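In: build me a model from this:
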Amino acid sequence: MIPKTFVIGDIHGGLKALFQVLERAKVSKNDTLIFLGDFVDGWSESPAVLDFLIALKEKQNCIFIRGNHDDLLLKWLRKDNEGFNERMWFNHGGEASALSYQNIENSTKEKHIQFLLSLQDYHLDDENRLFIHAGFTNVRGVTHEFFTPLFYWDRSLWETALALDKQLSKDALTYPNRLKMYKEIYIGHTPVTKIDETIPINKACVWNVDTGAAFKGKLSIIDVATKEFWQSDNLPDLYPNEKGRN
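Out: Numbers count the residues shown, from 1 in each chain. As a prediction, the model looks like this:
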């Protein structure tokens, strides 16, 4: 069987959903898995998600992209208060993570810190496909980005793709250069549920794979080659006694 490459959207502590999509997509140990970040914050299993991902990397090729929530959790675990507002983090899913770490041993926390430190800002494959959590702003591409936290905080790339006139030619002077640089761009960060969608959405060259797992939506996994995708159950159905980020 020819190995496949799959992209997984924002998990947000929903380990049960991750198990579902890996099973439904029939992922094998020969496949490559690219995780777009935001592994934590939302549902109750953030530490378990990180444990699973650390173990998974030992079994098959995995690429882990840094999400803004992963960076926030890292700051909290390291007690790094620079540019970190704990109250704001709590209001955006961090409280569930903090509670889930109450009975976690320090040795495990240290493993999680090392994992979070190892996350990539982006991945660019040999077919000029970019995998990144949020986006980038430099018109010359990711290698020229001055303020690198934009890789996991930016929303302008997706907003630009959404607002782009479908009739505009790529040769037009006003066609956004960011949308011409890469064959495809895979992102998470901004749930497609904000535009009343429930599945991975393609606009221009951008594929948004965040289908709202942190809230009332599903977790999604997509085959890069075929664009076939699979989804978990709605997360509130998997965690009926929790609120997630709702």
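
In: find the nearest non-adjacent residue to Y122, please.
Out: Nearest non-adjacent residue to Y122, counting by CB to CB, 6 or more residues apart in numbering: I132, 4.1 Å away. Quick note: C-beta positions are derived from backbone N, CA and C, even for glycine.

In: test my guess that that neighbour contacts I187.
Out: Yes. Between I132 and I187 there is a contact at 5.9 Å, judged by CB atoms under 8 Å.

In: overlap in contacts of those two?
Out: Overlap between the neighbourhoods of I132 and I187 consists of L36, taking contacts as CB atoms under 8 Å, 6 or more residues apart in numbering.

In: which parts of the chain are helices?
Out: For the chain, the helices defined by DSSP state H occupy 15-24, 46-57, 68-77, 86-89, 95-100, 106-118, 150-153, 156-163, 235-238.

In: redo these as a markdown table? Include distance to F215.
Out: Output for these, formatted as a markdown table (distance: least, CB to CB, whole Å):
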| stretch | distance to F215 |
| --- | --- |
| helix 15-24 | 12 |
| helix 46-57 | 16 |
| helix 68-77 | 13 |
| helix 86-89 | 17 |
| helix 95-100 | 13 |
| helix 106-118 | 23 |
| helix 150-153 | 19 |
| helix 156-163 | 17 |
| helix 235-238 | 8 |
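
In: mean pLDDT and mean neighbour count added to those, as JSON lines?
Out: JSON lines is the format used below for those (pLDDT from 0 to 100; neighbours: other CB atoms under 10 Å):
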{"stretch": "helix 15-24", "mean pLDDT": "98", "mean neighbour count": "20"}
{"stretch": "helix 46-57", "mean pLDDT": "98", "mean neighbour count": "19"}
{"stretch": "helix 68-77", "mean pLDDT": "98", "mean neighbour count": "22"}
{"stretch": "helix 86-89", "mean pLDDT": "96", "mean neighbour count": "13"}
{"stretch": "helix 95-100", "mean pLDDT": "97", "mean neighbour count": "19"}
{"stretch": "helix 106-118", "mean pLDDT": "98", "mean neighbour count": "14"}
{"stretch": "helix 150-153", "mean pLDDT": "98", "mean neighbour count": "22"}
{"stretch": "helix 156-163", "mean pLDDT": "98", "mean neighbour count": "18"}
{"stretch": "helix 235-238", "mean pLDDT": "98", "mean neighbour count": "19"}
